[in-house]
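**Student:** 3D, please:
(one chain, ligands or ions: 1)
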Amino acid sequence: MALHIINHPIAEHVLTNLRDRKTTQAEYHTLCRRIGTILFTKAFENLALESTTVTTPLCNCEGKILASDVVLIPILRAGFALLTPALELLPDAIVGYFGLQRNGEAKVECYYQKLPPVTDMDVFILDPMLATGNSAHFAIRMLQNFQPKSINFVSILGAPEGIRRIMDEFPLVNIFTIAMDKELNEKNFIVPGLGDFGDRFHGTL
Ligand code: URA
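**Tutor:** Numbers count the residues shown, from 1 in each chain. Okay, the predicted model is just below:
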């Protein structure tokens, strides 16, 4: 269990374009799908397989298929951006949701929750920005009650503060991200970051 910072030239190229304030909403969507594909290719790397036999047009042969269901849980609303690339790789994944928002004291309020069964399953929480770690903390704590096989947090960018907090409090959780930025500012935005991810993705600037 660990922090996985994914080093990939295309991911870096796409991240730089995501950071650019001039990037349009339409471009943003395409870039999220591209970086998401790289993220989930890595994040799904350790899924367990089981043996099977498959009949090709020529003969029978041994093959491998995924051993168990996978659960994807986007944190609304920004996490929605990572759902499409995850489902492109794993279209049979089961999907649940947390709708989380900050309340007055910068703590997390859950305004929507729809969780499928997660016991003994590999669960992937989707949230592009791991900033303070408040949302990650809430989601992980809730999911731990149901004893999943693994909990994995998938983000595009992380702040050192949030990454450290989640690693310290949940040492068994895997974090997958493309980059760890410098710091949080006084408004808890990641710096240099890419601004308000949800607003840029949903066109609500
Ligand atoms: N959420 C965002 O959208 N941007 C940040 O920088 C931090 C949290």
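**Student:** all helices of this protein, in order?
**Tutor:** Remark: helices assigned in the chain by DSSP state H are 9-19, 25-43, 83-89, 134-144, 160-169, 197-202.
**Student:** Could you export the shortest one as PDB, CA atoms only?
**Tutor:** This means helix 197-202. In PDB, the C-alpha atoms belonging to helix 197-202 read as follows (Å, rounded to 0.1, in the frame of the first residue of the first chain):
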ATOM      1  CA  PHE A 197     -11.600  21.700 -11.200                       C
ATOM      2  CA  GLY A 198     -15.400  21.300 -10.900                       C
ATOM      3  CA  ASP A 199     -16.000  24.700 -12.400                       C
ATOM      4  CA  ARG A 200     -13.600  24.300 -15.300                       C
ATOM      5  CA  PHE A 201     -15.000  20.800 -16.100                       C
ATOM      6  CA  HIS A 202     -18.700  21.800 -15.800                       C
END
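**Student:** what's the average pLDDT for that helix?
**Tutor:** For helix 197-202, mean pLDDT rounds to 98.
**Student:** please begin residue numbering at 486 from this point
**Tutor:** Got it, the first residue is 486 from now on, which makes the last one we talked about helix 682-687.
**Student:** Run through who's touching it.
**Tutor:** 508, 510, 513-514, 517, 562-563, 565-566, 613-614, 641, 679, 689-690 (C-beta atoms under 8 Å, 6 or more residues apart in numbering). Heads up, the C-betas are built off the backbone N, CA and C, glycines and all.
**Student:** Now Met665: closest residue in space, sequence neighbours ignored.
**Tutor:** Gly643 (5.0 Å; C-beta to C-beta, 6 or more residues apart in numbering).
**Student:** Tell me which residues touch the one you found, please.
**Tutor:** With contact taken as C-beta under 8 Å, 6+ apart, Gly643 is in contact with 614-616, 660, 662, 664-666, 675.
**Student:** and if you look at Ala511?
**Tutor:** Contacts of Ala511 by C-beta under 8 Å, 6+ apart: none found.
**Student:** Please apply the same query to Arg587.
**Tutor:** By C-beta under 8 Å, 6+ apart, the neighbours of Arg587 are 593-594, 619.
**Student:** Taking those residues, please make a PyMOL selection of just the buried ones.
**Tutor:** Entered in PyMOL, the line below selects the buried ones among the contacts of Arg587, by 16 or more other C-beta atoms under 10 Å:
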select buried, resi 593+619
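**Student:** what's the neighbour count on the residue lying closest to His489 once chain neighbours are set aside?
**Tutor:** In space, and not counting its chain neighbours, His489 is closest to Phe661: 4.7 Å by C-beta to C-beta, 6+ apart. Other residues near Phe661 come to 22 when the count uses other C-beta atoms under 10 Å.
**Student:** Pull up the gap between the residue of the chain most remote from its centre and Thr537, please.
**Tutor:** Distance to the chain centre peaks in the chain at Leu543, reaching 40.0 Å (criterion: C-alpha atoms, centre = their mean). Per C-beta to C-beta, to the nearest Å, Leu543 is found 17 Å from Thr537.
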